[in-house]
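K.L.:
requesting a structural model of the entry that follows:
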Amino acid sequence: MKKAEVKIGGKYYANVSGNRCEIQIDAEKPRGGWDATNLATGKKIVIKSAQRLQGEVGAKRGRAKVSTEGNVTVVENEPATVETIGGDSSTAVAVHKKPRKAKAASTETADASEKRLSCVTAALKVLSESSEPMNAQELITAMEAKGYWTSPGGKTPHATLYSAILRDLAKGDDSKFVKTERGRFTVRG
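P.N.:
Prediction:
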């Protein structure tokens with residue numbers, strides 16, 4: 001709601017302690033907000049913002065405007081639904097979810113998806129073709145130059161590759177990489 005719509009003495013729905021309840025606005029506070037009374041418990045509460053109010057109690061929602069143009073029926077506003085909560089009638093806003101869209105068919109063929117290598121796989125391929133050990137920065141440059149892999153836009157792909165290689169090295173004898181010296185790697189076997 002908006003501040004201009006709030007009236008002293010008006011009854012509104014508000015979220016109080018996690019529960020939706022009816023309140024009555026008693027007075028406006030000098031520094032903003034309102035003093036109010038929880039009608040269910042009779043306790044005094046403070047409403048700091050009009051956004052906390054969820055609508056006027058007993059407010060009627062407009063009916064749908066239906067017009068027929070040629071063979072087409074146009075519905076401009078849908079009516080709100082009425083729910084009964086705790087014996088009281090209250091107006092609730094109708095919630096309409098959009099139907100889920102079917103996933104678009106992939107334009108890539110199976111061949112194109114097979115050609116795309118992961119960063120680690122591309123690094124293994126570059127190292128197997130190389131005769132000397134390389135660091136992560138050199139591997140990224142070589143992978144991009146040979147067209148095996150390109151960064152999807154990350155700022156530090158070399159750091160990501162370095163981290164992946166270290167995780168692989170933690171496997172011990174099952175690792176695909178061998179660390180030859182600080183920061184330089186080659187392929188096992």
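
K.L.:
where exactly do the strands run in the chain?
P.N.:
In the chain, the strands defined using DSSP state E lie at 11-16, 19-28, 34-38, 44-47, 53-56, 66-69, 72-75, 81-85, 88-92, 177-181, 184-187.

K.L.:
could the ones you listed go into TSV alongside mean neighbour count?
P.N.:
Using the backbone N, CA and C atoms, a C-beta is placed for each residue, glycine as well. TSV is the format used below for the strands of the chain (neighbours: other CB atoms under 10 Å):
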stretch	mean neighbour count
strand 11-16	18
strand 19-28	15
strand 34-38	19
strand 44-47	14
strand 53-56	17
strand 66-69	8
strand 72-75	9
strand 81-85	10
strand 88-92	14
strand 177-181	14
strand 184-187	18
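
K.L.:
can you redo those strands as JSON lines with mean pLDDT and distance to residue 130?
P.N.:
Shown next, in JSON lines, are the strands of the chain (pLDDT from 0 to 100; distance: least, CB to CB, whole Å):
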{"stretch": "strand 11-16", "mean pLDDT": "87", "distance to residue 130": "64"}
{"stretch": "strand 19-28", "mean pLDDT": "89", "distance to residue 130": "67"}
{"stretch": "strand 34-38", "mean pLDDT": "91", "distance to residue 130": "73"}
{"stretch": "strand 44-47", "mean pLDDT": "90", "distance to residue 130": "70"}
{"stretch": "strand 53-56", "mean pLDDT": "84", "distance to residue 130": "66"}
{"stretch": "strand 66-69", "mean pLDDT": "68", "distance to residue 130": "71"}
{"stretch": "strand 72-75", "mean pLDDT": "68", "distance to residue 130": "67"}
{"stretch": "strand 81-85", "mean pLDDT": "51", "distance to residue 130": "68"}
{"stretch": "strand 88-92", "mean pLDDT": "48", "distance to residue 130": "67"}
{"stretch": "strand 177-181", "mean pLDDT": "94", "distance to residue 130": "12"}
{"stretch": "strand 184-187", "mean pLDDT": "95", "distance to residue 130": "8"}
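
K.L.:
and the ones you listed: which comes nearest residue 118?
P.N.:
Comparison of the strands of the chain against residue 118 by CB to CB identifies strand 177-181 as nearest, at 14.0 Å.

K.L.:
list the contacts of that closest one.
P.N.:
124, 127, 133, 165, 168-169, 185-188 (CB atoms under 8 Å, 6 or more residues apart in numbering).

K.L.:
buried ones among these?
P.N.:
By neighbour count, with 16 or more other CB atoms under 10 Å, the contacts of strand 177-181 hold 124, 127, 133, 165, 168, 185-187 as buried.

K.L.:
how near is the closest residue to residue 52 other than its chain neighbours to residue 37?
P.N.:
Spatially, and ignoring its direct neighbours in sequence, residue 52 is nearest to residue 14 (5.6 Å; CB to CB, 6 or more residues apart in numbering). Distance from residue 14 to residue 37, counting by CB to CB, to the nearest Å: 11 Å.
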